[in-house]
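J.: what would the 3D arrangement of this be:
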Amino acid sequence: MNKPDTNPSRRAFLKRASALSIAGAAAPWALNLAAMADASAAGATDYKAMVCIFLYGGNDYANTVVPYDATSYNAYQAMRPTFAHTRASLDATLLKPLAAAPLDSTGAAHQYALAPGLAPILPLFDSGKLGVIMNIGTLIQPTTKAQWNAKSVKLPAKLFSHNDQQSTWQSSAPEGAKSGWGGRIGDIFESGNTNSTFTCVNVSGNAIFMSGASAVQYQVSTNGSVPLSGLKNPLFGSSAATEALRTLITQPRTHLLENEYNRVAKRSIDANTTLTGALAGSTALATPFPAANGLGDQLKMVARMIAAAPALGAKRQVFFVSLGGFDLHDSMATTHPKLMKLVADAMAAFYASTVELGVADSVTTFTASDFGRTMTGNNDGADHGWGSMHFVMGGAVKGQSLYGTAPVVANGGVDDVGQGRLLPTTSVDQLAATLGKWMGISDSGLLTMLPSLSNYNASARTLGFL
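T.: Predicted coordinates:
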């Protein structure tokens, strides 16, 4: 007689491998990820979480991390005279990195300041808990302007398109992708969590970033789990009717589609019960979060779930939150500063909450967006761009530093493919690899998770901020 299988990680692996086998040759990485997951999860005895803050619409990089040295500032102001920050307004948020000032590709040094609205996160930079990734964007391989002009290298599909570049940032493929790199990280680690449902948690709706081959993004609201409407109150005022409905939508069925529908419904009901209890039993946060700030509300829920992680049996988690409104073809001078303040207030409160919970070193947060915008102004706004500036935040971050190559601020310059659209010098895959390695993925595992990473020299595949 066969012995019962009492190894939960092994059971999860076998279940995944069976389910993924139908993916066939179209997704060989899926089975490889499943094969890696058991060993990776078994080694995860500590807790780690990564949090993606996605800024929908294409955040304006130049009014976020602003050129401050005289030469660069003058070029910046000349290219967007109606909505450039005044240099005097940047004095209070000047970035003073630990090392020498960042260099551009010509060897010239640069200075930067945060947008005035980002002042709440300046102390995080100064204390070494926040770093800047310079000129990062979607790439398939390292690309020079000469290669761009000659069309001699493979480029991401449908550049400057919102939907496609959102998808490429989140998944390394244009719209229609089946999985994102956050979800693929979840694939590797979900078997190490007592309840795999809480591996990938989305507090802002739905995003390809959080979908894996086997990991499923669990969506919550800013108030917690979302119960099925027919079960949260007695149906027709009758508890018996409620229980009848529960049985109807959760019992196994012989029809394949009916059975899958009921399996998902049961998972949702069980997850709601588990999470509601875990949140109620965790310590209430004392850290104040900003009022009337939707991003702050989302990050507060992430903090609450991190506090509940021990009760949920979670060792590795991926979270996704977002803020919209960044497609500023106009009204840059009035709208963008408000958005920057929302982002900064929310990020500062979230970091403080991780300190309160004693997990600051275990949580790494990063910003992302469709693309940057053009340096050249469009009257009182900017058009769709490419490369951008982004933040990484957390106790494990080697902060007070700017990572990557500083872009040259010049119309038609060496980093400009038109109208001040930056040709990225750092790829999203390098960011993803840095985060994945910190989470515990091996070098070979990173190459499976991020196929384009093999186009980079081994010494350049991670960025060194963790």
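J.: quick one, helices of the stretch 301-450 of the chain?
T.: Assigned by DSSP state H, counting those that start in this stretch, the helices in the stretch 301-450 of the chain fall at 309-312, 332-357, 428-439, 443-449.
J.: pull out the buried residues from the shortest one.
T.: Of all the residues in helix 309-312, those buried under the rule 16 or more other C-beta atoms under 10 Å are A309, A311, L312. (Glycine included, C-beta is placed from N, CA and C.)
J.: same question for stretch 167-183.
T.: Using 16+ other C-beta under 10 Å as the test for burial, stretch 167-183 gives 167-175, 177, 179-183.
J.: how about stretch 250-268?
T.: Using 16+ other C-beta under 10 Å as the test for burial, stretch 250-268 gives T250, N262, A265, R267, S268.
J.: and for stretch 357-364?
T.: Buried residues in stretch 357-364, counted by 16+ other C-beta under 10 Å: L357, V359, A360, S362, V363, T364.
J.: try stretch 152-166
T.: The neighbour-count check on stretch 152-166 (16+ other C-beta under 10 Å) flags P156, L159, F160, S161, H162, D164, Q165, Q166 as buried.
J.: so which two of these are the farthest from each other?
T.: Pairwise distances across these peak at 13.4 Å for P156 and H162 (criterion: C-beta to C-beta).
J.: is V66 in a helix, a strand, or coil?
T.: Following DSSP: H, G, I helix; E, B strand; the rest coil, we place V66 in the strand state.
J.: any idea which element the nearest residue to it once chain neighbours are set aside lies in?
T.: Nearest residue to V66 in three dimensions, chain neighbours excluded: A113, at 5.1 Å (C-beta to C-beta, 6 or more residues apart in numbering). Using DSSP states H and E, A113 falls within strand 112-114.
J.: try A265
T.: helix 256-281.
J.: turn the buried residues of stretch 152-166 into CSV, columns for pLDDT and secondary structure.
T.: Below are these laid out as CSV (pLDDT from 0 to 100; DSSP: H, G, I helix; E, B strand; the rest coil):
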residue, pLDDT, secondary structure
P156, 97, coil
L159, 97, coil
F160, 97, coil
S161, 97, coil
H162, 97, helix
D164, 97, helix
Q165, 98, helix
Q166, 98, helix
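J.: tabulate those (CSV), appending distance to T143.
T.: Below are those laid out as CSV (distance: C-beta to C-beta, whole Å):
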residue, distance to T143
P156, 10
L159, 11
F160, 15
S161, 18
H162, 21
D164, 17
Q165, 15
Q166, 20
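J.: go through these and name the one nearest H255.
T.: For the buried residues of stretch 152-166, the residue nearest H255 by C-beta to C-beta is Q166; the value is 36.2 Å.
J.: my read: that closest one touches D370, true?
T.: Yes. With contact defined as C-beta atoms under 8 Å, Q166 reaches D370; the gap is 4.9 Å.
J.: pull up the overlap in contacts between the two.
T.: Shared contacts of Q166 and D370 (C-beta atoms under 8 Å, 6 or more residues apart in numbering): Y56.
J.: still on that earlier bit, and for the residue nearest to V66, the neighbour number?
T.: Other residues near A113 number 23, with proximity taken as other C-beta atoms under 10 Å.
J.: how much space between it and Q170?
T.: Relative to Q170, A113 is positioned 29 Å away (C-beta to C-beta, to the nearest Å).
J.: got it, and L55?
T.: Counting by C-beta to C-beta, the gap from L55 to Q170 is 12 Å.
J.: which regions of the stretch 1-150 of the chain lie under the pLDDT threshold?
T.: Low-confidence segments of the stretch 1-150 of the chain, defined by pLDDT under 70: 1-43.
J.: could you redo the last one with a cut-off of 90?
T.: 1-45, 99-100 (pLDDT under 90).
J.: show me the helices in it, by range?
T.: Along the stretch 1-150 of the chain, counting by DSSP H, counting those that start in this stretch, helices occupy 8-20, 28-42, 70-79, 122-126, 145-150.
J.: what's in contact with the last one?
T.: Looking back up the chat, that one is helix 145-150. With contact meaning C-beta under 8 Å, 6+ apart, helix 145-150 is reached by V153, L155, V414, D415, D416, V417, L423.
J.: so which of those wins on neighbours?
T.: Using other C-beta under 10 Å as the neighbour test, the contacts of helix 145-150 are led by D415, with 25 neighbours.
J.: just checking, it touches T426?
T.: No. Using C-beta under 8 Å, D415 makes no contact with T426, being 11.7 Å away.
J.: shared neighbours of the two, anything?
T.: N135.
J.: would you list the buried residues of stretch 357-364 in TSV and tack on distance to D383 and pLDDT?
T.: Supplementary listing: the buried residues of stretch 357-364 in TSV, determined by distance: C-beta to C-beta, whole Å; pLDDT from 0 to 100:
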residue	distance to D383	pLDDT
L357	41	98
V359	40	98
A360	38	98
S362	40	98
V363	35	98
T364	32	99
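J.: how about those in JSON lines, adding distance to V132?
T.: Output for these, formatted as JSON lines (distance: C-beta to C-beta, whole Å):
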{"residue": "L357", "distance to V132": "25"}
{"residue": "V359", "distance to V132": "23"}
{"residue": "A360", "distance to V132": "19"}
{"residue": "S362", "distance to V132": "22"}
{"residue": "V363", "distance to V132": "19"}
{"residue": "T364", "distance to V132": "14"}
